[in-house]
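Participant: my questions are about this predicted structure, shown below with the sequence.
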Number of protein chains: 4
Amino acid sequence: MTDTFHSSQPIYTQLAERIKRQILRGELKPGDKLPSVREMGIQVSVNPNTVQRTYRELEGMGIVETRRGQGTFVTEEQEVLQQMREELKQEEISQFVKGMHEMGYSDQEIEVGLQAFLLSGKGTNNND
Amino acid sequence: MTDTFHSSQPIYTQLAERIKRQILRGELKPGDKLPSVREMGIQVSVNPNTVQRTYRELEGMGIVETRRGQGTFVTEEQEVLQQMREELKQEEISQFVKGMHEMGYSDQEIEVGLQAFLLSGKGTNNND
Amino acid sequence: MTDTFHSSQPIYTQLAERIKRQILRGELKPGDKLPSVREMGIQVSVNPNTVQRTYRELEGMGIVETRRGQGTFVTEEQEVLQQMREELKQEEISQFVKGMHEMGYSDQEIEVGLQAFLLSGKGTNNND
Amino acid sequence: MTDTFHSSQPIYTQLAERIKRQILRGELKPGDKLPSVREMGIQVSVNPNTVQRTYRELEGMGIVETRRGQGTFVTEEQEVLQQMREELKQEEISQFVKGMHEMGYSDQEIEVGLQAFLLSGKGTNNND
DNA sequence: GTGGTCTAGACCACA
DNA sequence: GTGGTCTAGACCACT
């Protein structure tokens, strides 16, 4: 995770997405402390101000909570996390479809292709 | 397009994928000349030898043709390009599903989510 | 086997041919391990990268299989080896005829000469 | 032609063969002067004594003639050259067949393969 | 100019 | 150890 950022989205948005994914992946659990803005700035080689902005955004969504003098923590409110999970799913799907469209695949190709792939069992994660 | 390469895949593979996508997107059309190995090497800031390996790989798949002293060109054989299109679709879907699984989404969530998204018309590309 | 390479063909091609011949001669049997790229590089006094390209080429033809950290092995797939045998026969014949033409022998001289030679029994390998 | 010698045959034999081929190819014509033993020794990077021996052998076969103080010349006697042509044909065929046998090809495979090749017209030298 | 080959040398991943 | 990748730099062949 020492990469830099690539897409045309603002960096703070990308960083927020990345943190959301880490939460979903379980790399960050409810109640966990996020790295300090300075620390995170170094880790992802980004200006601490940008990290600050990211944390503010996430706080606005209720995903993290800032406690003065202690740091920033992943919320323990399941409801919020659940909602985030749903929203991120939408975003991922949206991005995926957009990318496929750009490469000229039709909605039908995408849907049929996905179904075929899932049925073929190449994914093997039928539940979680 | 001055980025560098990121995943753990070899550069020549990533570059090949990128070129395939450019063909699908229509940024490179059948018969078009690709940048020379040296030129492309500068563009993506890798060694010309690495670019050449990419071109050789693509040539092996029949996607490009090289003409000594002239350059490397996108094939005009529709059949080959068609096959590439299918293969790339599979790859994209596979990567997408893999990523979703990593974030804890089940096959069903993915499929239902996709269908809902497509039906909602947010994609608006029903054909191409 | 300490010779170097001579014709105007690229070294990696000549080395591949040499290995194919060794397989046909039975000096290398299906399942046998080839010398490591470095070892072979020393044996034939070429750069290990050149040897690797040879191995990669042979792997592309299905003639050898490489196992990371273990080495490169002659395939055990008889079908592939059989096909290789046929192709190499064509190549040998082609080269022979080409050489004879260069020395001014006509097709007829070649064919009649060969038949006479085989009938005379000087070869004594009517079967194998 | 700056190569060295490779097979297990004595060098003077190989050199003699090479010169015979040059005559057949027309690179050396009847009456032409061969390089001096010293000169030839340098050209093929071989000891002049070895060249001397080669010339002696060729002279024994009547293929070249040595004229004191002038040098060594290709004979102008067509009969001798004709005979050499026949003998060389035999040798070439013999070597070819021997090589094919070593790789496990049967007489029949060789003959059928040759006929097929000549008929396919890939050689295109039906006369000379 | 173009692609093609080869080398020397470095570093990585797998076992 | 093994193969795999990548670089830098050289030289060749084609046009």
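Facilitator: Structure's in. What do you need?
Participant: for the rest of this, base every contact and every neighbour count on C-alpha atoms.
Facilitator: Noted.
Participant: and residue A:61, what does it touch?
Facilitator: By Cα atoms under 8 Å, 6 or more residues apart in numbering or on different chains, no residues touch residue A:61.
Participant: any idea how far residue D:20 is from it?
Facilitator: From residue A:61 across to residue D:20, the span is 90 Å (Cα to Cα, to the nearest Å).
Participant: try residue A:107
Facilitator: The value you get for residue A:107 to residue D:20, if Cα to Cα is used, is 72 Å.
Participant: need the longest helix for chain A.
Facilitator: The residue-count maximum for a helix in chain A (DSSP state H) belongs to helix A:78-102.
Participant: beyond it, next helix or strand please.
Facilitator: Next along the chain after helix A:78-102, taking DSSP states H and E as the criterion, comes helix A:107-119.
Participant: report the angle between that following helix and helix B:78-102.
Facilitator: Orientation check (axes from the mean of the first three to the mean of the last three Cα atoms, to 10 degrees): helix A:107-119 against helix B:78-102 gives 60 degrees.
Participant: I'd guessed residue A:13 sits against residue A:56; true?
Facilitator: No - if you go by Cα atoms under 8 Å, residue A:13 and residue A:56 don't touch, sitting 11.1 Å apart.
Participant: tell me which of the two has more neighbours.
Facilitator: Neighbour count, other Cα atoms under 10 Å in any protein chain shown: between residue A:13 and residue A:56, residue A:56 has more, with 19 against 16.
Participant: can you classify that one by secondary structure?
Facilitator: helix (DSSP: H, G, I helix; E, B strand; the rest coil).
Participant: can you tell me how far it is from residue A:88?
Facilitator: Distance from residue A:56 to residue A:88, by Cα to Cα: 18 Å.
Participant: quick check: pLDDT value at residue A:84.
Facilitator: Note for residue A:84: predicted pLDDT of 95.
Participant: I'd like the distance between it and DNA strand F.
Facilitator: Distance of residue A:84 to DNA strand F, computed by Cα to the nearest atom of the strand, to the nearest Å: 36 Å.
Participant: what's the local residue count around that residue?
Facilitator: If you count neighbours by other Cα under 10 Å, residue A:84 ends up with 19.
Participant: check contacts around it.
Facilitator: If you count contacts by Cα under 8 Å, 6+ apart, residue A:84 has them with A:20, A:63.
Participant: cool, and residue A:31?
Facilitator: Here residue A:31 is in contact with A:73-76 (Cα under 8 Å, 6+ apart).
Participant: now, of these, which are buried?
Facilitator: When those are checked for burial by 16 or more other Cα atoms under 10 Å in any protein chain shown, the buried set is A:73-76.
Participant: low-confidence ranges in chain A?
Facilitator: A:1-3, A:122-128 (pLDDT under 70).
Participant: got the domain boundaries for it?
Facilitator: Listed domain ranges for chain A are A:11-76, A:79-119 (source: automatic domain parsing).
Participant: pipe these into JSON lines and attach distance to DNA strand E per row.
Facilitator: JSON lines is the format used below for the domains of chain A (distance: least, Cα to the nearest atom of the strand, whole Å):
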{"stretch": "domain A:11-76", "distance to DNA strand E": "19"}
{"stretch": "domain A:79-119", "distance to DNA strand E": "24"}
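Participant: count the neighbours of residue A:94 for me.
Facilitator: Neighbour count for residue A:94, taken as other Cα under 10 Å: 18.
Participant: just the one 10 residues further on next, same as before
Facilitator: As a burial measure, residue A:104 scores 18 neighbours (other Cα under 10 Å).
Participant: wait, doesn't it sit right on residue B:23?
Facilitator: No - Residue A:104 is not in contact with residue B:23 according to Cα under 8 Å; the separation is 10.3 Å.
Participant: tell me if stretch A:87-94 is near chain B.
Facilitator: Yes - Stretch A:87-94 reaches chain B (Cα under 8 Å from any Cα of the partner chain) through A:89-90, A:93-94.
Participant: buried sites along that stretch?
Facilitator: Within stretch A:87-94, the residues that count as buried by 16+ other Cα under 10 Å are A:88-90, A:92-94.
Participant: also stretch A:34-52?
Facilitator: Buried residues in stretch A:34-52, counted by 16+ other Cα under 10 Å: A:34, A:36-37, A:40-41, A:44, A:46, A:48, A:50-52.
Participant: stretch A:102-117 now?
Facilitator: For stretch A:102-117, the buried set under the neighbour-count rule, 16+ other Cα under 10 Å, comprises A:102-107, A:109-111, A:113-114, A:117.
Participant: dihedrals phi and psi, residue A:7?
Facilitator: Torsion angles at residue A:7 (phi, psi; degrees, to the nearest 10) stand at phi -60, psi -180.
Participant: ok, it - contacts?
Facilitator: Here residue A:7 is in contact with no residue (Cα under 8 Å, 6+ apart).
Participant: distance of it from residue C:41?
Facilitator: Distance of residue A:7 to residue C:41, given as Cα to Cα: 44 Å.
Participant: and what of residue A:22?
Facilitator: Between residue A:22 and residue C:41 the computed distance is 47 Å (Cα to Cα).
Participant: and if you look at residue A:86?
Facilitator: Residue A:86 sits at a distance of 57 Å from residue C:41 (criterion: Cα to Cα).
Participant: enumerate the residues of chain A near chain B.
Facilitator: A:3, A:6, A:21, A:24-25, A:89-90, A:93-94, A:96-98, A:101-108, A:110-111, A:113-115, A:117-118, A:123, A:125-128.
Participant: distance between the ends of stretch A:24-35?
Facilitator: Using Cα to Cα, the end-to-end distance of stretch A:24-35 comes to 17 Å.
Participant: need the domains of chain A in a markdown table (columns: distance to residue D:68).
Facilitator: Shown next, in a markdown table, are those (distance: least, Cα to Cα, whole Å):
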| stretch | distance to residue D:68 |
| --- | --- |
| domain A:11-76 | 86 |
| domain A:79-119 | 82 |
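Participant: now do stretch A:78-94: distance to the chain's middle.
Facilitator: Its chain's C-alpha centre and that of stretch A:78-94 lie 9 Å apart, by Cα atoms, centre = their mean, to the nearest Å.
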